[in-house]
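Visitor: Predicted model and sequence follow; I will ask about them next.
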Amino acid sequence: MLKTILFVGSILMALPAFGQGGKMRLTLDDAIAMARVRSVDAASALDELRTAYWEWRTFRADQLPELSFSATAPAYAKQYSSYMNEEGDYSFVRTNTLQASGELAIKQNVALTGGKVSLSSSLDFLRQLDGTPYNRFMSIPVALSLEQPLFGVNTMKWDRRIEPVRYAEAKAAFLSATEDVARLTVNYYFNLLMSRENVEIAEQNLENALKLHAVAKEKREMGKISQNDLLQMELNVLDAQSALTDYRSELKSMMFQLRAFLDLGEDVEIVPVAPENVPQADISYPDALERATANNKFVKTMLREQLEADYEVARAKGDLREIKLFARIGYSGTDPEIGEAYSRLRSNQVASVGFSIPLVDWGKRRGKVKVAESKRRVAESRIRRETMNFNQELYILVERFANQQQQLELSTRATEIAARRYATNVETYMIGMLSPLELNDSRTSKDNSRRDYINQLYKFWTYWYQLRSLTLYDYSSLHDINADFDKLIKIQ
């Protein structure tokens, strides 16, 4: 579960203060919890979620009635205007008027038909300033209007199918992104852990090399070993010192990367702790595929792209001809007095049907339909290909994870055996019953076994969080990965 996203504050309070320098012991779980809140990647994922949320809110708002008020107050005009008399002759007359108007309207989109219905009430005022001044009012107390496209594509219907899928895709993408942040944290964390292990191994090897070199000098003085063996011990000391220098430099680089990713101060020394326990899970491909199909953004993305391709075809077909219906019914009145303008009302009715049908367009609109249909077929082929690739990626990942659990167990056992073998060989060498080459071989085996164990741990946790990202399911708690999106977006 992604409860850490919402309640990570308590986790961070339990950690040592990281803004004042000093050492900071950090477990993998703590590093992941911090990265989900403090990293740039997590902030970017949250910003994308907020963007998708407000796009969803905008779509929802389009489905609801809109109340608006529009007004012009005042509009003054002192100019010449064209005028046609009763005989049909035009002339220019001087006007000097003051006007004002206002309209209150409720508009509602009709998802079923793709049209728009509005209920409005308006009042217009005109004052003649030249000659004999007078006022004039015109009222439309109530008017019901309908705007309806005929035979065209119903954009609202398609939006109602596409937008919910788009928002569900965005939420799934955010959850996957938080798991990808965890996977990236695993990478930085184990880079640092491996570097620190290398430093500790190098320090131990240098300490042992110095001790064995001192013993070799004593044995050489007693004639028990050759000069070649003594030089080999001295060479081992130099190699250990060189390795320690390189590993310390690498440790600083890995430390800087993790600090920057977690947004920690440069004076903080992170001490990573190798995870001792790993979750045990028996994951089958059919189960993982079922959960990925239900939860992952990939399936939602494919569905959205299919719907968008279908919409483009429908829109291209709707553009073959354009026919629109406009109708309005209501009442209207006019009078020099505002009260009387609402008393003597007359019907106010308008109806019109406009259309545009191409007679000769040389196949342009038909061509657009064919292009849209061709693009839809391309999208369908790409969706099938990407679906196969996704299923294959998931299958390989499940197999690798199952194999990795066994590899980790074998690596743990090999590390223990290699460590005991080296300790035994050191004691054997001290009593002169083991050659330097054999001792070096056991030391190299011990070091490589430890490094391999850290590497196997790294692979396990990488596969683990990759599986979580694809399936959005936590196989340790046996629950879908989810989040309280309202709290994340911080709706006021």
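Guide: Structure received.
Visitor: Quick check, Y167 in contact with A52.
Guide: Yes. Counting by C-beta atoms under 8 Å, A52 is a contact partner of Y167 at 6.0 Å. For the C-beta atoms, the positions are set from N, CA and C on the backbone; glycine is no exception.
Visitor: low pLDDT regions in the stretch 301-450 of the chain?
Guide: Low-confidence segments of the stretch 301-450 of the chain (pLDDT under 70): 350-361.
Visitor: can you give me the strands in it?
Guide: Ranges of strands in the stretch 301-450 of the chain, per DSSP state E, counting those that start in this stretch, are 322-335, 346-356.
Visitor: next helix or strand past the helix or strand where K252 lies?
Guide: Assessed by DSSP states H and E, K252 sits inside helix 227-262. For helix 227-262, the following helix or strand on the C-terminal side (DSSP H and E) is strand 268-272.
Visitor: Who are the packing partners of the following helix or strand past that following strand?
Guide: Counting by DSSP H and E, the next helix or strand C-terminal to strand 268-272 is helix 285-295. Counting contacts by 3 or more C-beta pairs under 8 Å, 6 or more residues apart in numbering; DSSP states H and E, helix 285-295 is packed against helix 297-318, helix 364-430, helix 436-471.
Visitor: In helix 285-295, which residues are buried?
Guide: For helix 285-295, burial by neighbour count (16 or more other C-beta atoms under 10 Å) applies to A288, L289, R291, A292, N295.
Visitor: for K224, phi and psi?
Guide: Main-chain torsions, K224, degrees, to the nearest 10: phi -90, psi -20.
Visitor: can you pull the contacts of the residue lying closest to it once chain neighbours are set aside?
Guide: Residue nearest to K224 in three dimensions, not counting chain neighbours: G432, with 6.1 Å by C-beta to C-beta, 6 or more residues apart in numbering. Residues near G432 by C-beta atoms under 8 Å, 6 or more residues apart in numbering: K219, K224, I225.
Visitor: do the same with R248
Guide: V199.
Visitor: and it, what pLDDT?
Guide: Per-residue pLDDT puts R248 at 93.
Visitor: Q99 too?
Guide: What the model reports for Q99 is a pLDDT of 90.
Visitor: same question, the one 10 residues further on
Guide: Per-residue confidence (pLDDT) for N109: 89.
Visitor: Can you give me the neighbour number for it?
Guide: Neighbour count of N109, defined by other C-beta atoms under 10 Å: 17.
Visitor: what do you get for Q108?
Guide: Applying other C-beta under 10 Å, we find 14 residues neighbouring Q108.
Visitor: backbone phi and psi for it, please?
Guide: According to degrees, to the nearest 10, Q108 has phi -140, psi 120.
Visitor: Skipping adjacent residues, who's closest to it in space?
Guide: Spatial nearest neighbour of Q108, excluding adjacent residues (C-beta to C-beta, 6+ apart): P65 at 4.7 Å.
Visitor: hang on, that neighbour packs against V110?
Guide: No. Assessed by C-beta under 8 Å, P65 is found out of contact with V110, at 11.2 Å.
Visitor: More neighbours: these two, which one.
Guide: V110 (14 against 11).
Visitor: residues contacting A73?
Guide: So A73 contacts A100, S101, G102 (C-beta under 8 Å, 6+ apart).
Visitor: Narrow these to those that are buried.
Guide: S101.
Visitor: Among the contacts of A73, which ones are in strands?
Guide: Mapping the contacts of A73 onto strands (DSSP state E) picks out A100, S101, G102.
Visitor: Take these and lay them out in a markdown table including distance to Q241.
Guide: Listed next are the ones in strands among the contacts of A73 as a markdown table, based on distance: C-beta to C-beta, whole Å:
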| residue | distance to Q241 |
| --- | --- |
| A100 | 92 |
| S101 | 90 |
| G102 | 88 |
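Visitor: Quick check: of the residues you listed, which lies closest to N208?
Guide: Nearest to N208 out of the ones in strands among the contacts of A73 is G102 (C-beta to C-beta; 92.5 Å).
Visitor: who's in contact with the nearest residue to V313 once chain neighbours are set aside?
Guide: Nearest non-adjacent residue to V313, counting by C-beta to C-beta, 6+ apart: A372, 4.5 Å away. Residues in contact with A372 (C-beta under 8 Å, 6+ apart) are A309, E312, V313, R315, A316.
Visitor: wait, isn't L467 in contact with L289?
Guide: No. Using C-beta under 8 Å, L467 is not in contact with L289; the gap is 11.6 Å.
Visitor: so where do the strands sit in the stretch 101-250 of the chain?
Guide: Counting by DSSP E, counting those that start in this stretch, the strands of the stretch 101-250 of the chain are 115-128, 134-150.
Visitor: Report the angle between the last one and helix 297-318.
Guide: Angle, strand 134-150 to helix 297-318, by axes from the mean of the first three to the mean of the last three C-alpha atoms, to 10 degrees: 110 degrees.
Visitor: what helices or strands is strand 134-150 leaning on?
Guide: Checked by 3+ C-beta pairs under 8 Å, 6+ apart, strand 134-150 has strand 115-128, strand 322-335 packed alongside it.
Visitor: could I get those as TSV with mean neighbour count?
Guide: Below are the helices and strands packed on strand 134-150 laid out as TSV (neighbours: other C-beta atoms under 10 Å):
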stretch	mean neighbour count
strand 115-128	17
strand 322-335	16
